[in-house]
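**Q** Here is a sequence with its predicted model. Questions after.
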Amino acid sequence: MMLTLPDVFTPDEAARLREQLADASWVDGKSTAGAQSGEVKRNRQVDEDDPIGRVLGDEIIRRLTAHAVFMSAALPRRIYPPLFNRYADGESFGFHVDNAVRGIKGVRERVRTDVSCTLFLAEPESYDGGELVIRDTYGTHAVKLGAGDMVLYPGSSLHKVEPVTRGERWASFFWVESLVRQDQWRSMLFDMDVAIQRLTAQQADKDSLLELTGVYHNLLRHWADV
Ligand code: NI
């Protein structure tokens with residue numbers, strides 16, 4: 001399932017995040033890449049130990065854990081501390097698949113990367129190129145969103161970032177280990193939750209809603225790894 005979440009942050013908030021990030025320490029993006037993806041990765045990233053990145057990453061996680069659609073779509077068990085990158089002057093990241101399991105620096109915890117997330121932080125008019133291109137069973141999708149909008153997609157997908165030929169692309173990226181490992185199962189649960197919420201808003205028949213909600217929870221119980 002590929003899903004866009006508009007307005008996770010407002011454009012003004014995204015501008016403030018960019019301003020704060022400008023003062024962080026930026027390193028070569030190859031620092032967190034595996035050997036294979038390192039060959040096709042050309043960008044800069046905030047140093048994983050940088051306190052500014054840590055604080056802003058926490059802010060993103062707080063925002064998302066209060067975001068009903070994100071919670072329903074990702075069903076997070078763990079969220080990898082958000083990282084930040086920027087691309088300019090023709091920088092790009094060729095096709096790759098993200099590492100399946102990532103250790104969190106400084107702690108013993110590891111995260112299985114079921115869901116990949118990109119939070120766009122720059123205004124799309126301010127740069128050319130920089131599309132996130134995701135290849136899945138249904139074809140190839142190019143994603144370029146407004147500042148503060150986010151996309152989630154299966155961690156298993158091949159994806160790349162097109163060269164940035166003008167201006168600068170800023171983003172945060174991170175992964176979610178989901179309670180439900182299979183993308184198709186998460187997708188069905190999400191569709192069901194959306195339908196239940198819609199029926200609830202329409203004040204649909206209460207007994208039917210009760211039954212549907214029961215089925216949702218029993219499927220989640222069946223599929224969740226806790
Ligand atoms: Ni990637």
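**A** Here it is on my side, so go on. The structure presented is a predicted model; accordingly, all values stated were derived computationally and were not measured.
**Q** Only the C-alpha atoms, please, for stretch 115-130, written as CSV.
**A** C-alpha atoms of stretch 115-130 as CSV (Å, rounded to 0.1, in the frame of the first residue of the first chain):
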residue,chain,number,x,y,z
VAL,A,115,7.0,0.6,6.0
SER,A,116,9.2,3.3,4.6
CYS,A,117,8.2,6.9,5.2
THR,A,118,9.4,10.1,3.5
LEU,A,119,8.3,13.5,4.9
PHE,A,120,8.9,16.2,2.3
LEU,A,121,10.2,19.4,3.8
ALA,A,122,10.9,21.7,0.9
GLU,A,123,8.3,23.5,-1.3
PRO,A,124,8.1,21.5,-4.5
GLU,A,125,8.3,24.7,-6.6
SER,A,126,11.7,25.5,-5.0
TYR,A,127,13.5,22.6,-6.7
ASP,A,128,13.5,20.6,-10.0
GLY,A,129,13.8,16.9,-10.0
GLY,A,130,14.0,15.0,-6.7
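**Q** buried set for that stretch?
**A** 115-124, 127, 129-130 (16 or more other Cβ atoms under 10 Å). From N, CA and C alone the C-beta is placed, and that goes for glycine too.
**Q** I'd like these laid out as TSV, including secondary structure and pLDDT.
**A** Output for the buried residues of stretch 115-130, formatted as TSV (DSSP: H, G, I helix; E, B strand; the rest coil; pLDDT from 0 to 100):
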residue	secondary structure	pLDDT
115	strand	98
116	strand	98
117	strand	98
118	strand	98
119	strand	98
120	strand	98
121	coil	98
122	coil	98
123	coil	98
124	helix	98
127	coil	98
129	strand	98
130	coil	98
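**Q** quick one: which of these is nearest residue 212?
**A** Nearest to residue 212 among the buried residues of stretch 115-130, counting by Cβ to Cβ, is residue 115 at 24.5 Å.
**Q** Check the offset of the lengthiest strand in the chain from the chain's centre.
**A** Criterion DSSP state E: the longest strand present in the chain is strand 169-178. Chain-centre distance of strand 169-178: 4 Å, with Cα atoms, centre = their mean, to the nearest Å.
**Q** again with stretch 3-16
**A** 13 Å.
**Q** Quick check: end-to-end length of it?
**A** With Cα to Cα, to the nearest Å applied, stretch 3-16 spans 25 Å between its terminal residues.
**Q** next one: stretch 166-186
**A** Stretch 166-186: ends 37 Å apart by Cα to Cα.
**Q** Stretch 130-140 now?
**A** First-to-last residue span, stretch 130-140, Cα to Cα: 15 Å.
**Q** what comes up buried for that stretch?
**A** Quick answer for stretch 130-140 (16+ other Cβ under 10 Å): 130-134, 136.
**Q** between those, which is closest to residue 215?
**A** Checking the buried residues of stretch 130-140 one by one against residue 215 (Cβ to Cβ), the nearest turns out to be residue 136, at 27.3 Å.
**Q** Poorly predicted segments of the protein, please.
**A** Of all residues in the chain, none has pLDDT under 70.
**Q** Domain-wise, how is it divided?
**A** Residue ranges for the domains of the chain, per automatic domain parsing: 3-178, 183-223.
**Q** Most tightly packed of those domains?
**A** domain 3-178 (a mean of 17; mean count of other Cβ atoms under 10 Å).
**Q** quick one on the thing from earlier: what packs against the helix or strand just after the longest strand of the chain?
**A** Downstream of strand 169-178, the next assigned helix or strand under DSSP states H and E is helix 183-201. Helix 183-201 sits against helix 68-74, helix 206-223, with contacts defined as 3 or more Cβ pairs under 8 Å, 6 or more residues apart in numbering; DSSP states H and E.
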